[in-house]
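A.B. asks: below is the sequence, then the predicted model.
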Amino acid sequence: MRQILYLLQKEFIQIFRDKFLGKVIFIIPLVQILILAPAITFEVKNLKLAIIDNDHSVTSRALINKFISSPFYTIAAQTNSEDEAYDLLGKDKVDVIINISNGLSDDLIKFNSGDVQVIVNAVNGSAAQLSAGYTAGVILDYNKQIIANSYSTDLTRLETININHRFWYNSLLNYYDYMVPGILVILITAIGLLFAGLNLVKEKEMGTIEQINVSPIKKYQFITAKLIPFLLIGIVDLAIGLGVSKLVFGIQFNGSVLLMLMFTIIYLFSVLGLGLFVSSFASTQQQYMFTVFAMIMIYVLMSGIFTPFNSMPEWAKIISYIVNPSCYFVKVNRAIMLKGSGFNDLLTEFGALSFLAIFYFSIAIARFRKTT
């Protein structure tokens, strides 16, 4: 035990002797939370709209006013030329085109129907779906108004099915509540996977690993001393991230802090073990950085942080379930922070993360023994 304590003291001195690394470790949580949380969003708030009014009637003007009064739209252009509107769409100066057909007012009077064409820029598929949904909602609302006026009926007084919406766990549909727990996973992954293995590769480059190999220090003591500092740093960074998310974005923590801590430790063991395993193959810090950067990108993108996990193809989900601890930790973070889930609710994630932590740690130790 004394040997481990001396090694831990040496590791902490070595970490904080590097002033740049010491600052980066604690600045990263602030930068990631404060910048990524507002920047990474799939919400559509400012749609640029081009309107082609071929009818020039009271009906068409009333429809245009519906869009003007909506907080989601900015009228970028009103024109009678379809070519001009299409040109604006092609240059990304507008997101949606509303093409009001000639004779819309007359068709509503004669046939009780009329045509309005909606053209949406679908380069970004998810944004296009939201844009089309918002636009259809505005037109549907105006359509109800026309029906009410035509039949002198207040539609709100008709006997219909009354639907009351209730949004659980994120009642205000705040995108920060969804993204911040995922960003915390990126933070912990970067600390555990990047810095721990990089520290070991640095020993190889400096040649000090050879001195340790011929010393009476046992391998488990060396590995423990290498990983515990970054385990503690990861926990501290998580605490900083949670504090910033509460103070800056007002995100409530509805679950158990101890439960979150337990899952964080298990997750850190898995990524630290993976970092140690990769470091056994790398001879230089540059090799390790390139390898880990690619791994972090894959792990993060396949974890469900930015897109719904269930939307991935089956083969991708199977791979993530087998090798990607991030996909479980993302669920755990959101479940504990937003839903207040308990241990019994997260038994599957606990078993999977524990297995991956043991597996990665075991292969890392096995590989380390072969190469040192």
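C.D. replies: Happy to help now that I have it.
A.B. asks: from Asp141, how far out is Leu108?
C.D. replies: Leu108 sits 16 Å away from Asp141, going by C-beta to C-beta, to the nearest Å. Heads up, the C-betas are built off the backbone N, CA and C, glycines and all.
A.B. asks: those two - which one has more neighbours?
C.D. replies: Leu108 (16 against 11; other C-beta atoms under 10 Å).
A.B. asks: OK, contacts around the more buried one?
C.D. replies: Going by C-beta atoms under 8 Å, 6 or more residues apart in numbering, Leu108 touches 59, 114, 146.
A.B. asks: domain assignment for the chain?
C.D. replies: Domain segmentation of the chain under automatic domain parsing yields 2-40+174-371, 47-157.
A.B. asks: and the one helix or strand Gly234 maps to, how far from the chain's centre?
C.D. replies: Using DSSP states H and E, Gly234 falls within helix 219-249. Distance, stretch centre to chain centre, for helix 219-249: 20 Å (C-alpha atoms, centre = their mean, to the nearest Å).
A.B. asks: which elements pack onto that helix?
C.D. replies: Contacts defined by 3 or more C-beta pairs under 8 Å, 6 or more residues apart in numbering; DSSP states H and E place helix 219-249 against helix 2-17, helix 19-31, helix 175-190, helix 196-206, helix 257-279, helix 347-371.
A.B. asks: what's the longest one in contact with?
C.D. replies: Read that as helix 347-371. 219-220, 223, 263, 266-267, 269-274, 276-277, 280-281, 321, 323, 325, 328-329, 331-332, 343.
A.B. asks: could you pull out the strands in the stretch 51-200 of the chain for me?
C.D. replies: 73-79, 96-100, 116-120 (DSSP state E, counting those that start in this stretch).
A.B. asks: just send these back as a markdown table, with mean neighbour count and mean pLDDT too.
C.D. replies: Shown next, in a markdown table, are these (neighbours: other C-beta atoms under 10 Å; pLDDT from 0 to 100):
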| stretch | mean neighbour count | mean pLDDT |
| --- | --- | --- |
| strand 73-79 | 16 | 87 |
| strand 96-100 | 22 | 89 |
| strand 116-120 | 16 | 88 |
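A.B. asks: can I get those in TSV including distance to Ala357?
C.D. replies: Shown next, in TSV, are the strands of the stretch 51-200 of the chain (distance: least, C-beta to C-beta, whole Å):
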stretch	distance to Ala357
strand 73-79	49
strand 96-100	48
strand 116-120	46
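A.B. asks: can you say which of those is nearest to Ile52?
C.D. replies: Across those, Ile52 has its closest neighbour in strand 96-100 (4.5 Å, C-beta to C-beta).
A.B. asks: what's the closest one packed up against?
C.D. replies: Judged by 3+ C-beta pairs under 8 Å, 6+ apart, the packing partners of strand 96-100 are strand 47-53, helix 58-69, helix 82-90, strand 116-120, helix 125-150.
A.B. asks: please identify the deepest-packed of the ones you listed.
C.D. replies: strand 47-53 (a mean of 21; mean count of other C-beta atoms under 10 Å).
A.B. asks: partner strands of that strand and their direction?
C.D. replies: Strand pairing for strand 47-53, determined by DSSP bridges: strand 73-79 (parallel), strand 96-100 (parallel).
A.B. asks: for that strand, give me every contacting residue.
C.D. replies: 60-61, 64, 67, 72-82, 85, 88-89, 93-100, 131, 134-135.
A.B. asks: kindly recompute the last result at 6 Å.
C.D. replies: Applying C-beta atoms under 6 Å, 6 or more residues apart in numbering, the contact partners of strand 47-53 are 60, 64, 67, 72-79, 82, 85, 88, 94-100, 131.
A.B. asks: try stretch 321-331
C.D. replies: Residues from elsewhere that reach stretch 321-331 (C-beta under 6 Å, 6+ apart): 182, 185, 267, 270, 299, 302-305, 320, 349, 352-353, 356.
A.B. asks: CSV for the domains of the chain, including distance to Trp168?
C.D. replies: As requested, those are arranged in CSV below (distance: least, C-beta to C-beta, whole Å):
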stretch, distance to Trp168
domain 2-40+174-371, 8
domain 47-157, 21
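A.B. asks: closest to Arg166 out of the ones you listed?
C.D. replies: domain 2-40+174-371 (14.6 Å).
A.B. asks: got the helices and strands packed on strand 96-100 as JSON lines, with distance to Arg166 columns?
C.D. replies: Below are the helices and strands packed on strand 96-100 laid out as JSON lines (distance: least, C-beta to C-beta, whole Å):
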{"stretch": "strand 47-53", "distance to Arg166": "27"}
{"stretch": "helix 58-69", "distance to Arg166": "27"}
{"stretch": "helix 82-90", "distance to Arg166": "38"}
{"stretch": "strand 116-120", "distance to Arg166": "30"}
{"stretch": "helix 125-150", "distance to Arg166": "20"}
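A.B. asks: so which of those gets nearest Ala37?
C.D. replies: helix 125-150 (18.6 Å).
A.B. asks: measure how the closest one sits relative to strand 73-79, angle-wise.
C.D. replies: Counting by axes from the mean of the first three to the mean of the last three C-alpha atoms, to 10 degrees, helix 125-150 lies at 80 degrees to strand 73-79.
A.B. asks: now helix 125-150 and helix 58-69, what's the angle there?
C.D. replies: Helix 125-150 and helix 58-69 are oriented at 130 degrees to each other (the same axes, to 10 degrees).
A.B. asks: show the pLDDT at Thr348.
C.D. replies: If you check Thr348, the pLDDT there is 93.
A.B. asks: from Ser341, how far off is it?
C.D. replies: In this view, Thr348 and Ser341 are 12 Å apart by C-beta to C-beta.
A.B. asks: the more surrounded of the two?
C.D. replies: Set Thr348 next to Ser341 and count neighbours by other C-beta under 10 Å: Ser341 wins out with 20 against 10.
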